[in-house]
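Peer 1: return atomic coordinates for the entry below.
(2 chains)
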Amino acid sequence: MLQVSVLKEQTDRVLAGLTKRNFPNAEAEVQRVLELDQRRRQLQTEHDSAQAEANKLAQQIGALMKSGDKAGAEELKTRTATLKQQTKTAAEELTGVEKELQDALYRIPNVPHDSVPAGRSADDNEVVREVGNKPELPGGALPHWDLIKKLDIIDFELGNKITGAGFPVYKGQGARLQRALINFFLDEAMAAGYTEMQPPILINEASGYGTGQLPDKEGQMYHATADDLYLIPTAEVPITNLYRDEIIAAERLPIRNAGYTPCFRREAGSWGAHVRGLNRLHQFDKVEIVEIDLPERSYQTLEHMLGHIEQLLQKLELPYRVLRLCGGDMGFTSALTYDLEVWSAAQQRWLEVSSCSNFETYQANRLKLRYRDENNKTQLLHTLNGSALALPRIVAALLENNQQADGTIRLPEVLHRYCGFAQLG
RNA sequence: AGAGAGGUGGCAGAGUGGUCGAAUGCGACGGAUUCGAAAUCCGUUAUACGGGCAACCGUAUCGGGGGUUCGAAUCCCCCCCUCUCUGCCA
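Peer 2: The predicted structure follows:
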C-alpha cells in the first residue's frame, strides 16, 4: 500500500498516476484517505492526553496509598473514572478509523513510474525491443500439445487421473528437460550473483498479506484449511517475506535472491480459449529472482534484472520481445513492469514467460521492510522481482520452434549437458 | 497425536501488582588510555504513532486478543507459536 505521507505531499503526482491506470474515482478515494488520516490524528491526540492524565493520577494514587491517605486516594479515583471512559471511547473510535484507513489504502494501486505509457489493455503495451528471428517451420509442424503427445513426454490424462485438470505428469525426456531447465536457470542466477534460497511452498496468512496476495486475491491461492496455510502462487511470496518486519543495514544491500519452487494457481474462472496445453496450468515450475535495494538504485536494479532474464532467453535461442506494460495492464502493486514474451511458432503468438517489476515501497510498506538513512531514520526499501524463468511456456516454445522435418526436436546447445541428450524423440 | 515446559530489548537472561521500556551479561557504536591494537574504564544503544521548526514532550508495545484494577511484563480467560519427551515417519 501507498504511504499516507505520499498521498498528502504528492497528491497531484498520485492522481496523475492513477489516471494513467484508469483507476476510477481516484480523487474521491485519495480524499477519503486524507480525511480518515486527519480524523485518526485527532483521535490519537485526544486519546493520548486523556491517558497521560490518567497515568499521572494513577501514580499519585499509588503515592497516597503508600502514605496511608486512603481518603485522598479515593477522591482521585473518582476523577480517573471519567478519564477511563474518555480513553476507551477514543480508543474504540480510533481502532475503527484505523481499520477504515487501511481498507481505503488497500484499494489504491501503486503509482506508475513516469516511463509507463498510458493505455487501457494489453494492446497499448509498448514494445521496447524484439530480439531473435522467428523460425520457419517445416511442413506439418504441430502445436506443442500435439508434440508432447507424440513424443509421450508430458501426460495430461495421467494428471487428470491422479489429481485433476491442469496438473500434468512429466515423463522420461519431459521430466529430464524440466530438471535441466531448473538447474540451468539456477546456475545462471548463481553466476549472476544471486543467492539460492529454498523456501517452504506453504505460507501462513501474515505472509499472504505481506506481499499483497491477501486479502484481495484469496481465491487465486490453494488454501489448506486444516492448518490455515496457503500454497504459494510464486516464490516471490516466501522469499520476499523473509525480510518482513526487518530493518536492514544499508551495507547488506542489495539483497539478491533466487529460488526454484513449484507454483500453484487456482486460476478460478480464467479457463477457456488460449489456455490449451502448457499455456496455463494449476501447478508449474519457476525460478524467481527477488531483489531488495535502496530507493535511489532500484531502477538500475530493475534494468539489471531484465538483462539477466534476456540473457537466459538468448542462450535458449528463443526469439522474444520486451514489453513495457501500460497503466491499464499493469499489476495493482507494481510501479513499472516489463513482460518478456517468447514467440511460439506453431501457435503464431507471443507467450508471456516472465514479468519483471519494481514495486518501489508499495510492498515494503505492508512488509515493514526498512533501512536506516544517513540521518539514522528508518525508511522503506524498494522490492523487485522477476521470473527467471517460468518453465511451461518455455517448454512450449522450445518444442514448437525447434521441431525438425523428421519429427524430432532440436534442443539449444546450452541445455545438452543438463539434459544428457541433444534432441527430443 | 499425547504429556510437560516456555514465549521479555540485536542476542542471552532477570523481573510475580506502582518509582519497569524493563536489572545484568554479550554484541554494536562513541570516547578515554595506546605509536597502533588487545585488555581496561566512561558513555550511548528498540519500534510505531501523535504534538513540535527543533531541542524535546506524550502515548502504546514484555507472543496476539479480551478481562480484573486507580494502576498489569506480573493476576484471570481465550487463541497462536516454540521447545522437550513419547508416538508416528522421509
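Peer 1: and the nearest residue to residue A:423 once chain neighbours are set aside, what is it in contact with?
Peer 2: Nearest non-adjacent residue to residue A:423, counting by CB to CB, 6 or more residues apart in numbering: residue A:408, 4.8 Å away. From N, CA and C alone the C-beta is placed, and that goes for glycine too. Counting by CB atoms under 8 Å, 6 or more residues apart in numbering, residue A:408 touches A:423-425.
Peer 1: residue A:192 contacts residue A:309, correct?
Peer 2: No - the pair residue A:192 / residue A:309 is not scored as a contact, 10.1 Å apart, by CB atoms under 8 Å.
Peer 1: which element is residue A:301 on?
Peer 2: Per DSSP states H and E, residue A:301 falls inside helix A:298-315.
Peer 1: narrow the contacts of residue A:408 to just the buried residues.
Peer 2: residue A:424 (16 or more other CB atoms under 10 Å).
Peer 1: what about RNA strand B: which of the contacts of residue A:408 touch it?
Peer 2: Contacts with RNA strand B within the contacts of residue A:408, counted by CB under 7 Å from any atom of the strand: none were found.
Peer 1: nearest to residue A:41, of the contacts of residue A:408?
Peer 2: Among the contacts of residue A:408, residue A:424 lies closest to residue A:41 (CB to CB), at 64.6 Å.
Peer 1: phi and psi next, for the closest one.
Peer 2: The phi and psi values for residue A:424, taken as degrees, to the nearest 10, are phi -100, psi 140.
Peer 1: from RNA strand B, how far off is it?
Peer 2: For residue A:424, the distance to RNA strand B (CB to the nearest atom of the strand, to the nearest Å) stands at 31 Å.
Peer 1: re the thing from before, next structured bit after the helix holding residue A:301?
Peer 2: Note on helix A:298-315: by DSSP H and E, the next helix or strand toward the C-terminus is strand A:320-324.
Peer 1: so what touches that next one?
Peer 2: With contacts defined as CB under 8 Å, 6+ apart, strand A:320-324 is touched by A:115-117, A:125-132, A:306, A:310, A:313, A:336-343, A:350, A:353.
Peer 1: and the helix or strand just after it, which strands flank it?
Peer 2: Downstream of strand A:320-324, the first helix or strand assigned by DSSP H and E is strand A:336-344. Strand A:336-344 sits in its sheet next to strand A:320-324 (antiparallel), strand A:349-360 (antiparallel), going by DSSP bridges.
Peer 1: quick one: the longest one to chain centroid distance?
Peer 2: When you say that, I think you mean strand A:349-360. Distance of strand A:349-360 from its chain centroid, counting by CA atoms, centre = their mean, to the nearest Å, is 11 Å.
Peer 1: same check on the first one?
Peer 2: Its chain's average C-alpha position is 19 Å from that of strand A:320-324, according to CA atoms, centre = their mean.
Peer 1: pLDDT (mean, whole number) over that strand?
Peer 2: Mean pLDDT, computed over strand A:320-324, is 97.
Peer 1: need the CA coordinates for it. PDB is fine.
Peer 2: This file holds the C-alpha atoms of strand A:320-324, laid out as PDB (Å, rounded to 0.1, in the frame of the first residue of the first chain):
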ATOM      1  CA  TYR A 320      11.500 -12.800 -27.600                       C
ATOM      2  CA  ARG A 321      10.200  -9.300 -27.100                       C
ATOM      3  CA  VAL A 322      10.300  -7.000 -24.100                       C
ATOM      4  CA  LEU A 323       7.100  -5.100 -23.300                       C
ATOM      5  CA  ARG A 324       6.700  -2.100 -21.000                       C
END
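Peer 1: give me the angle between it and helix A:298-315.
Peer 2: Counting by axes from the mean of the first three to the mean of the last three CA atoms, to 10 degrees, strand A:320-324 points 160 degrees away from the direction of helix A:298-315.
Peer 1: list the buried residues for strand A:320-324?
Peer 2: Buried, per 16+ other CB under 10 Å, within strand A:320-324: A:320-324.
Peer 1: so what's the closest residue to RNA strand B within the stretch 201-350 of chain A up against?
Peer 2: Here the residue of the stretch 201-350 of chain A nearest RNA strand B is residue A:247; by CB to the nearest atom of the strand that distance is 6.2 Å. Residues near residue A:247 by CB under 8 Å, 6+ apart: A:370-372, A:378.
Peer 1: mind pulling up the phi and psi values for it?
Peer 2: The phi and psi values for residue A:247, taken as degrees, to the nearest 10, are phi -110, psi 110.
Peer 1: what residues does chain A put near RNA strand B?
Peer 2: For chain A, the residues in contact with RNA strand B (CB under 7 Å from any atom of the strand) are A:37, A:40-41, A:44-45, A:47-49, A:51-52, A:54-59, A:61-62, A:65, A:77, A:80-81, A:84, A:227, A:247, A:370, A:378.
Peer 1: residue ranges with poor pLDDT in the stretch 201-350 of chain A?
Peer 2: Scanning the stretch 201-350 of chain A for pLDDT under 70 picks out A:268-274.
Peer 1: can you do 90?
Peer 2: A:204-220, A:223-229, A:245-253, A:267-280 (pLDDT under 90).
Peer 1: which element, helix or strand, includes residue A:263?
Peer 2: Using DSSP H and E, residue A:263 sits in strand A:255-264.
Peer 1: what is the burial count for residue A:259?
Peer 2: Using other CB atoms under 10 Å, residue A:259 is surrounded by 23 other residues.
Peer 1: who's in contact with it?
Peer 2: Residues in contact with residue A:259 (CB under 8 Å, 6+ apart) are A:196-199, A:235, A:238-239, A:287-288, A:290.
Peer 1: with residue A:355 as the reference, measure out to it.
Peer 2: As judged by CB to CB, to the nearest Å, residue A:259 and residue A:355 stand 16 Å apart.
Peer 1: before we move on, what about residue A:171?
Peer 2: According to CB to CB, residue A:171 and residue A:355 sit 29 Å apart.
Peer 1: residue A:20 too?
Peer 2: Residue A:20 is 19 Å from residue A:355, by CB to CB.
Peer 1: which phi and psi does residue A:169 have?
Peer 2: Per-residue torsions, residue A:169: phi -110, psi 130 (degrees, to the nearest 10).
Peer 1: hmm, it is touching residue A:148, no?
Peer 2: No - applying CB under 8 Å as the test, residue A:169 and residue A:148 come out as separate, 10.8 Å apart.
Peer 1: much appreciated, bye for now.
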